[in-house]
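S.K.: Any chance you could fold what I've pasted below:
(2 chains)
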Amino acid sequence: MAKTSYLCWSLLTFLLAFSTQSAEMPLNMTQGVTEISQQVYDLHMKIFYICCAIGIAVFGVMFWSIIHHRKSKGVAPAQFHESTKVELLWTALPVVILILMAIPATQTLIAMEDTSEADVTVLVTGSQWKWHYKYMDHKVEYYSLLATPRKQIENKLKKGENYLLEVDRPLVIPTGKKVRFLVTSDDVIHSWWVPAFAVKKDANPGFINEAWTKVDHPGIYRGQCAELCGKDHGFMPVVVIAKDQADFDLWIAQEAATQAAAKAEELKLLSMNMSKEELMALGEKTYMGYCAACHQPTGMGIPGVFPALKGSKMALEDLPAHIDIVLNGKTGTAMQAFAKQLTLSEIAAVVTYERNAWDNNTGDVVQAADIAKAQKP
Amino acid sequence: MSTVTTDPHAHAEHEHHGPAKGLKRWLYTTNHKDIGTLYLLFALTMFFIGGAMAMVIRAELFQPGLQIVEPDFFNQMTTVHGLIMVFGAVMPAFTGLANWLVPMMIGAPDMALPRMNNWSFWILPFAFSILLASLFMEGGGPGFGWTFYAPLSTTYSSDSTALFVFSVHIMGISSIMGAINVIVTIMNLRAPGMTYMKMPLFVWTWFITAYLLIAVMPVLAGAVTMVLTDKYFGTSFFDAAGGGDPVLFQHIFWFFGHPEVYIMILPAFGIVSSIVPTFARKPLFGYASMVYATSSIALLSFLVWAHHMFTTGMPVFAELFFMYCTMLIAVPTGVKVFNWVATMWRGAMTFEVPMMFALAFIVLFTIGGFSGLMLAITPADFQYHDTYFVVAHFHYVLVTGAIFSIMAAAYYWLPKWTGHMYDETLGQWHFWCSLISVNVLFFPMHFVGLAGMPRRIPDYALQFADFNALISIGGFAFGLSQLLFVWLVVKCIKGGEKATDQVWEGAEGLEWTIPSPAPYHSFTTPPEIK
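M.R.: Below is the predicted model of the structure:
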């Protein structure tokens, strides 16, 4: 007896612990921060309540039957087995309910798909496993990568508040303006999803999809890639910062200036040589950010999927082929073209790093000018 | 099906035609009961192999962070778990039930094409050996999801893709042969007097399912072949760079895939329609409307495939068309549920294990139907799509739907197959453990999905942690509960209380007129249906 009550109590505390902890976790769809996301939420709740009502009615009748019409109560079974009237009724009634559901759904859908008259247009490009944003009306574009440290994922460090939902450079959009997203992909299919906007659109390679949002309140909104896109599908979050128009204008002007300056700097660097130590340091940083997901931090790759760089013929001998594959990728494989993703000096550094790290020790030093030369036909 | 005349001597005459001895019996058998048994045992084995993969998935998702497996292997587990459960567990289990029951229900001596029957079973173990062996290849097995969307399955997949394609081909050939056999048997071997509208509903639902199989399995074969040639022979069906379209793949796949989900649920409707009247001791309400509802569901299933693809970027008109058609499916499905409830109404019910599983099926499948209706609403689907809400939905219709109906069928006909009653207490334990754990497993998935957790991810944000731990506990409990079923079946084969011919007080139909266990050859002289 004492044992049983102890068991009951521990079970109860366990369940209570669960319910208090999960108070932090939302149980329902977000209402979001746009008019559309609010409409979607309302639609969702409306259908949910209709389903609940139907469920209570049907299961109610069923359980009434289970409780009262049982053999142990000594009832004799009725023998009726047909009624056209009833059949017609429970065919027609659901049709009416469905029409009532379809009307608001149709209205919301038509509003969601109207991407005309946008104020700002952003090209969103997915690739394994990062997002690229390009502002069509400004000279601003950049990649947005997962910012959660590897060590948190491997359970070697305490996980941060926004674990797996944080990026190095979020997308920035103005509030109160219709922002149109053109969504596409460089490799496999991804899906760009921000729950707070009720926007989820597949990024199909070779095709461009459209979506739009109009956010009323400044804030940080987080989402994830929703379509299975390979190994690191769980590790390509979306973060969007909504700023009011004045802040956005300031930000985009600064960003455009910084990017223009970086390009000018890049050209200047062509005539300068970096030291091997500098190249190795920059190379390691770039490698870990862009290459290690597939080729692994150890350079060993994953046998049968991603080739090893350690001791590979290309990394030890054929330098022109090595530079070419980093610049242009290899068609028919997962190897991407990095020419537009990385700067010349980053590519030079990463090639230098790959030729000298993990006992590759070729002693080769590659400079930005070498890369620029290789790029020109 | 009302009055049946059988000649008791007809069975005795054929007793010398008993089964061969040893392994050869099973390898060379053309007997529908032996082949049915083989299918069912194969399905049970695959259920545990696929289940073991689900345990790996749930163990990794028990806590945030990567603990047990690498993301690459995690993807292989979700992929092969799906393939095994769909093509290795649910479909062969239904084919096994069809083999055992269709001839006995229509008064036929065997399936119409017994040698093809043997062949359609025996290629299956090869198909699944190939698929499972690919997991041990360099680069691992298929990791692109059971839906194998291009170009992830073409340009970006490992070399095991070729093995995946061939094993799916073999599964498809097996299913098509099985379906042809069912159709030919039902059309030609019905006992005199058994008109189409006198067939038991299990026979009807399988008849319609077989047509669905013949219609869509070749489409799947086409899809995997195009994946094969895109990957290895330089075609560009799904590659925009060569003039193809990756979304075309999804149209082809789901044109197969949506009828496929009805292939996995229509026979379940047939099973529940057999069990509920027996234990309510009252004839099935609305037999004819059940047949019409099943046919309408089958026809509509060809018009709704793109509701799996609302986020791929379709014209508004197409989105509206597929939304309306999908919502329409709720009507015939509703009719079925209402008919079952009406059958129970004013019956005299008892609650043996088959009835318990059938009742759980009705409630939980309906919950899966509700979430299906919610998913049909395109604007809301943009939020639900590819989240755990979808995972919850299709596990409610497939586990507490299809698999619960298979369990119900196993308990219902086990006495007829083995000649012994199963252990009722053990069966009730199996039922209640399964019922509770399956809901702990799948119900919270609705919440994590609505809160924004995408499917097919090996690691997740911290706000999903508590529910995922709970889901995993439910998963382990559900997996362990199924061991009770194995124990029960072994016990029932070995011995137990002798079953009567009719087995269940309220049971009606030809299979209950022959002895238990059913003789190796039944209905060698056709019974006459008046």
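S.K.: need the residues of the stretch 251-377 of chain A near chain B, please.
M.R.: Neighbours of chain B within the stretch 251-377 of chain A, by C-beta under 8 Å from any C-beta of the partner chain: A:302-305, A:331-334. C-betas here are computed from N, CA, C, even on glycine.
S.K.: So which of those residues sit within strands?
M.R.: Among these, none falls in strands (DSSP state E).
S.K.: Most neighbours among those residues, which one?
M.R.: Highest neighbour count within these, by other C-beta atoms under 10 Å in any protein chain shown: A:Val305, with 20 neighbours.
S.K.: my guess is that residue meets B:Gly140, correct?
M.R.: Yes - using C-beta atoms under 8 Å, A:Val305 is in contact with B:Gly140, at 7.0 Å.
S.K.: ok so, going back, ok, the residues of the stretch 251-377 of chain A next to chain B vs chain B, which is closest?
M.R.: The shortest approach to chain B among those belongs to A:Gly304, at 2.3 Å (C-beta to the nearest C-beta).
S.K.: Let me know the secondary structure of the closest residue to that closest one other than its chain neighbours.
M.R.: By the measure of C-beta to C-beta, 6 or more residues apart in numbering or on different chains, the closest residue to A:Gly304 outside its immediate chain neighbours is B:Gly139, 2.3 Å from it. Under the three-state scheme (DSSP: H, G, I helix; E, B strand; the rest coil), B:Gly139 adopts coil.
S.K.: give the contact list for B:Gly139.
M.R.: The neighbours of B:Gly139, taking C-beta atoms under 8 Å, 6 or more residues apart in numbering or on different chains as the test, are A:302-305, B:158-160.
S.K.: looking at this, A:Leu123 is in a strand?
M.R.: Yes - applying three-state DSSP, one finds A:Leu123 inside a strand.
S.K.: hang on, the earlier thing: looking at the contacts of B:Gly139, which one is closest to A:Asp359?
M.R.: Within the contacts of B:Gly139, proximity to A:Asp359 (C-beta to C-beta) peaks at A:Pro303, which comes in at 18.5 Å.
S.K.: Ramachandran angles for that closest one?
M.R.: In terms of degrees, to the nearest 10, the main-chain angles of A:Pro303 are phi -50, psi 130.
S.K.: Could I get the pLDDT score of the nearest residue to it once chain neighbours are set aside?
M.R.: Excluding the flanking residues, the one nearest A:Pro303 by C-beta to C-beta, 6+ apart is B:Glu138, at 4.9 Å. The model reports B:Glu138 with a pLDDT of 87.
S.K.: and B:Glu138, what does it touch?
M.R.: The contact partners of B:Glu138, taken as C-beta under 8 Å, 6+ apart, are A:303-304, B:159.
S.K.: what's the closest of these to A:Gln224?
M.R.: A:Gly304 (27.8 Å).
S.K.: Does the closest one touch B:Leu135 like I think?
M.R.: No - between A:Gly304 and B:Leu135 there is no contact under C-beta under 8 Å: 11.9 Å.
S.K.: hey, what's in contact with both of the two?
M.R.: In contact with both A:Gly304 and B:Leu135: no residue, using C-beta under 8 Å, 6+ apart.
S.K.: And the contacts of stretch B:90-99?
M.R.: Applying C-beta under 8 Å, 6+ apart, the set of residues contacting stretch B:90-99 is B:32-33, B:35-40, B:42-44, B:46-47, B:111, B:117, B:120, B:124, B:175, B:178, B:182, B:202, B:206, B:209, B:263-264, B:267-268, B:271, B:398, B:402-403, B:406, B:409, B:413.
S.K.: C-alpha coordinates for that stretch, PDB please?
M.R.: C-alpha atoms of stretch B:90-99 as PDB (Å, rounded to 0.1, in the frame of the first residue of the first chain):
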ATOM      1  CA  VAL B  90       1.300  -2.100 -43.800                       C
ATOM      2  CA  MET B  91       0.900  -3.200 -47.500                       C
ATOM      3  CA  PRO B  92       2.100  -6.800 -47.100                       C
ATOM      4  CA  ALA B  93       0.000  -7.200 -43.900                       C
ATOM      5  CA  PHE B  94      -3.200  -6.200 -45.900                       C
ATOM      6  CA  THR B  95      -2.100  -8.500 -48.800                       C
ATOM      7  CA  GLY B  96      -1.600 -11.300 -46.300                       C
ATOM      8  CA  LEU B  97      -5.100 -10.700 -44.900                       C
ATOM      9  CA  ALA B  98      -6.500 -10.700 -48.500                       C
ATOM     10  CA  ASN B  99      -4.800 -14.000 -49.200                       C
END
